[in-house]
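Enquirer: Build the 3D model from these lines:
(chains A, B, C and D)
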Number of protein chains: 2
Amino acid sequence: MGNGKENSLTILIADDHHLVRQGLRSLIERSQTQYNISDVATGEQAWQFISQYQPDLAILDIAMGDLSGLKVCEHVKQRKLKTRIIFLSMHDDIKVIHRAFEVGADAYLSKSEAFDTLNQALQTVAAGHSFISPSIESELARYKAASTQFLLTAREKQIVSYITQGKSNRQIADTLCISIKTVDNHRTKAMRKLGVNKAAELVKYGLEEGLVV
Amino acid sequence: MGNGKENSLTILIADDHHLVRQGLRSLIERSQTQYNISDVATGEQAWQFISQYQPDLAILDIAMGDLSGLKVCEHVKQRKLKTRIIFLSMHDDIKVIHRAFEVGADAYLSKSEAFDTLNQALQTVAAGHSFISPSIESELARYKAASTQFLLTAREKQIVSYITQGKSNRQIADTLCISIKTVDNHRTKAMRKLGVNKAAELVKYGLEEGLVV
DNA sequence: ATATAAATAGTGTATTTACCCCAATTGACC
DNA sequence: GGTCAATTGGGGTAAATACACTATTTATAT
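Expert: Residues are numbered from 1 along each chain as shown, chains lettered A, B, ... in the order given. Next up is the predicted model:
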């Protein structure tokens, strides 16, 4: 750091591919905004740099061998550092994207995105907002919708677990000190989400998913 | 064979321990009944001897290295040879005993039994009846009772399998072309045998026992 | 021949499920 | 402050289940 541009935004680029780092740096330097850019090659280095200098932005690769960008992000957000995290990833696996936002990402970009998009992301995030590649956004939305539609809530899992253990609605209600109707509702909702209509299949799910402790 | 006692009962002794064969022969010769005794050391020899001469009785050891006494017995009974089989075994494992009678044994004696018992067994079996050591009999009875009490029948397993697959009584009845009440009966009996009172636990059993094809 | 067990199927009843609707509360996130 | 999801709980109903009895047929074993 410290190359004279004292008032400009500081950016860290972390990627284990030298060419990628060079390319990014070159592109970002070409933009009209003034940035003070640093780069590192590993997750470990990224974490050390961020915890020491707290740059305004950090562009992280997800797969970096040693310390995943996700872990770095998790650390940053847990310690409430001001650095905003932008993920730049090769894989557009929806689960990874979802995980990225779970650990507190501010932006997620595919490496296949145009530079314009990166530029836009940088400005959006620097302004305090979050950013998602338009191409990814719709997928994520679908995933989230699917999640709430098909994935069981904690309580539902608990109920299914009890059902798997062979307990009746009444027994579960007594155990949890809730109404039998509530148990019935959870049971029904769980079945709807899993697309089944019999406790037998909830048991299968419970056993297969290892819900029973 | 052929030692002059033409009208006496013929007995084959099969045991891979020389001392045991000698001891048995000596004991049997001492009894007041006239026997024509032969002996062999392996299961293979036993089978050849029996298929050739069809002795009245064969005293077989169960564990004989090559061809198990159980196999010899199975052959004899499958071919409906007249030879009656008496097992003489070291291990009183109830499952082995059960298996012995499954393959058609006429008697089962523990080697720890007194000679009197062997003598009694010989006469009983020679007379066309079956014989079990009193010490073993009660155990076998308990085992059989336990079997019919706790083990599912083929049909019950099938019903449990369908339940495990998430089918209702009605669906199972339709599939098997039987009354829904019959399915209900099998289901109820299976539950009673397994000591549970909910389909959920039948499903667990079904999955754990690999009943589902 | 005659017990025995399995499979079949019925009557009957109390309980439980599955599923529809709706509503209040809470905590999170914007 | 308002939306959203999760959790809670209630009304109601038709179907399914659990379970007790009995009974017939058939095959197997004694």
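
Enquirer: distance between stretch A:18-38 and the chain's centre?
Expert: Averaging C-alpha positions (CA atoms, centre = their mean, to the nearest Å) puts stretch A:18-38 25 Å from its chain's average.

Enquirer: Can you classify the residue nearest in space to the middle of chain A as helix, strand or coil?
Expert: Residue closest to the average C-alpha location in chain A (CA atoms, centre = their mean): residue A:100, at 2.1 Å. Reduced to three states with DSSP: H, G, I helix; E, B strand; the rest coil, the structure at residue A:100 is helix.

Enquirer: distance of it from residue A:126?
Expert: Distance of residue A:100 to residue A:126, computed by CB to CB, to the nearest Å: 18 Å. C-beta coordinates here come from the backbone N, C-alpha and C atoms, glycine included.

Enquirer: Surely the residue nearest to the centre of chain A is in contact with residue A:60?
Expert: No: between residue A:100 and residue A:60 there is no contact under CB atoms under 8 Å: 9.3 Å.

Enquirer: Overlap in contacts, these two.
Expert: Listed as contacting both residue A:100 and residue A:60 by CB atoms under 8 Å, 6 or more residues apart in numbering or on different chains are A:73, A:87.

Enquirer: Can you tell me the element residue A:88 falls in?
Expert: strand A:84-89 (DSSP states H and E).

Enquirer: So is that strand next to DNA strand C?
Expert: No: shown here: strand A:84-89 not in contact with DNA strand C (CB under 7 Å from any atom of the strand), separated by at least 14.4 Å.

Enquirer: Identify all contacting residues around that strand.
Expert: By CB under 8 Å, 6+ apart, strand A:84-89 touches A:15, A:24, A:56-63, A:69, A:72-73, A:76-77, A:96-97, A:100, A:104-111, A:118, A:121-122, A:125-126, A:128, A:131.

Enquirer: ok, now stretch A:57-66?
Expert: Taking CB under 8 Å, 6+ apart as the rule, stretch A:57-66 contacts A:9-17, A:20, A:24, A:42-44, A:46, A:50, A:68-70, A:72-73, A:76, A:83-91, A:96, A:100, A:122, A:125-126.

Enquirer: Pull out the buried residues from those.
Expert: Among the contacts of stretch A:57-66, those buried by neighbour count (16 or more other CB atoms under 10 Å in any protein chain shown) are A:9-16, A:20, A:24, A:42-44, A:46, A:50, A:68-70, A:72-73, A:76, A:83-89, A:96, A:100, A:122, A:125-126.

Enquirer: out of those, which are inside helices?
Expert: A:20, A:24, A:43-44, A:46, A:50, A:69-70, A:72-73, A:76, A:96, A:100, A:122, A:125-126 (DSSP state H).

Enquirer: Residue numbers of chain A in contact with DNA strand C?
Expert: Residues of chain A that fall close to DNA strand C, judged by CB under 7 Å from any atom of the strand: A:168, A:169, A:170, A:184, A:185, A:187, A:188, A:191, A:192, A:197, A:198, A:199.

Enquirer: Just the buried residues from the residues you listed, in ChimeraX please.
Expert: Entered in ChimeraX, the line below selects the buried ones among these, by 16+ other CB under 10 Å:
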select /A:168,169,187,191,198,199
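
Enquirer: Identify the farthest-apart pair in the residues of chain A next to DNA strand C.
Expert: Greatest spacing in the residues of chain A next to DNA strand C, by CB to CB: A:170 and A:192 (21.5 Å).

Enquirer: The residue of chain A most remote from its centre: what's its closest spatial neighbour, skipping adjacent residues?
Expert: The outermost residue of chain A relative to its centre, with distances by CA atoms, centre = their mean, is residue A:170 at 38.7 Å. Closest residue to residue A:170 apart from its sequence neighbours, by CB to CB, 6 or more residues apart in numbering or on different chains: residue A:180 at 5.7 Å.

Enquirer: How confident is the prediction for the one you found, by pLDDT?
Expert: The score at residue A:180 is 96. That number is its pLDDT.

Enquirer: Could you do residue A:13 as well?
Expert: For residue A:13, pLDDT reads 92.

Enquirer: related to what we said a few turns ago, please list which of the buried ones among the contacts of stretch A:57-66 also come close to DNA strand D.
Expert: Within these, nothing lies near DNA strand D by CB under 7 Å from any atom of the strand.

Enquirer: Make a markdown table from the residues of chain A next to DNA strand C and add secondary structure and pLDDT to it.
Expert: Converted to a markdown table, those look like this (DSSP: H, G, I helix; E, B strand; the rest coil; pLDDT from 0 to 100):
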| residue | secondary structure | pLDDT |
| --- | --- | --- |
| A:168 | coil | 93 |
| A:169 | helix | 94 |
| A:170 | helix | 94 |
| A:184 | helix | 95 |
| A:185 | helix | 94 |
| A:187 | helix | 94 |
| A:188 | helix | 94 |
| A:191 | helix | 92 |
| A:192 | helix | 88 |
| A:197 | coil | 90 |
| A:198 | coil | 92 |
| A:199 | helix | 91 |
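
Enquirer: and which of the residues of chain A next to DNA strand C is nearest residue B:136?
Expert: The closest of the residues of chain A next to DNA strand C to residue B:136 turns out to be residue A:168 (CB to CB; 43.6 Å).

Enquirer: got the contact list for the closest one?
Expert: Residue A:168 neighbours (CB under 8 Å, 6+ apart): residue B:198.
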